[in-house]
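Novice: For reference, the sequence and a predicted model appear below.
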Amino acid sequence: MGTTIASDYERLFSDAQPFYKQLAVNNTKDWWTQNRASYDDRLKPAALALLDDVARPLSKLTDAPIKTKLFRPHRDIRFSKDKTPYKPHLHMMWQIESGVPQNPVYFFGVGPDYVTAGAGMMSFEKTTITNWRTMLDLDTDRMLGILTGLKTAGFAFREPALKRVPPPYDKDHAAASFLRMKAVVASRPVTPDTPLNQILTDTFTNLWPLNNLLISIAEA
């Protein structure tokens, strides 16, 4: 990785948060038009370079092709009460193309008050959620070992979607909180103490047991 690219990556720390803090309080077409050069000329090129650079070690780690995505800055406001036109954050994603019906992802995001990286499935498809619950019940110790290990490593899981453990599982099941999930996403804050591409590669390597588990569940 050359010095120029490394410098570009750091823009996602030095430039992105100030940009999105301003956008959050000036979310109008006029402000975007006046300031979009910061996105087009600095943030977007840095994000695309990061996507490509991290995809290579991820493909080696997962032994699968990696599909990258930089989420567009414009919001879809057609069916939303919130009519602000732009997303106040920069989000990108690496999807593992492992050949199973539903594939997990890795992601990185910068917002006005956060920089975070994580992995998982944003929403379980019907077969996946059935397999997830079945495996949590039949292979509780192994799955909890992986999931609690991530907590020990500083990752936080999104709150379960369900208030109660779904039937037929006991409300006092050892994996009760995970049985209540309709998706599983683990993430932790990112700080610029080493080059960003290396931070993400290390973070995603730590998260590989989760995504590997999800691949096995999706193909079960």
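Specialist: Done, it's in.
Novice: C-alpha only now, for contacts and for neighbours.
Specialist: Fine.
Novice: gap between the biggest helix by length in the chain and the chain center?
Specialist: In the chain, with assignment by DSSP state H, the single longest helix is helix 196-218. Relative to the centre of its chain, helix 196-218 is centred 10 Å away, using Cα atoms, centre = their mean, to the nearest Å.
Novice: and it, what's its mean pLDDT?
Specialist: The average pLDDT for helix 196-218 rounds to 95.
Novice: Give the buried residues for that helix.
Specialist: 196-197, 199-201, 203-215, 217-218 (16 or more other Cα atoms under 10 Å).
Novice: so where's this structure uncertain?
Specialist: Applying pLDDT under 70 to the chain flags the ranges 1-8, 220.
Novice: Mind jotting down where the helices sit in it?
Specialist: Using DSSP H, helices in the chain cover 3-14, 16-25, 29-38, 44-62, 126-138, 140-152, 176-179, 196-218.
Novice: quick one: which of the ones you listed is nearest N103?
Specialist: helix 196-218 (6.4 Å; Cα to Cα).
Novice: still on that earlier bit, would you format the helices of the chain as a markdown table with distance to R75 included?
Specialist: Converted to a markdown table, the helices of the chain look like this (distance: least, Cα to Cα, whole Å):
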| stretch | distance to R75 |
| --- | --- |
| helix 3-14 | 20 |
| helix 16-25 | 13 |
| helix 29-38 | 12 |
| helix 44-62 | 16 |
| helix 126-138 | 27 |
| helix 140-152 | 32 |
| helix 176-179 | 31 |
| helix 196-218 | 26 |
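Novice: Centre-most residue in this protein?
Specialist: F107 (2.9 Å; Cα atoms, centre = their mean).
Novice: beta partners for it?
Specialist: When bridges are called by DSSP bridges, F107 pairs up with M93, G118.
Novice: From here on, call the first residue 45.
Specialist: Sounds good: first residue 45 from here, last item F151.
Novice: That one is in contact with F115, isn't it?
Specialist: No - using Cα atoms under 8 Å, F151 makes no contact with F115, being 10.8 Å away.
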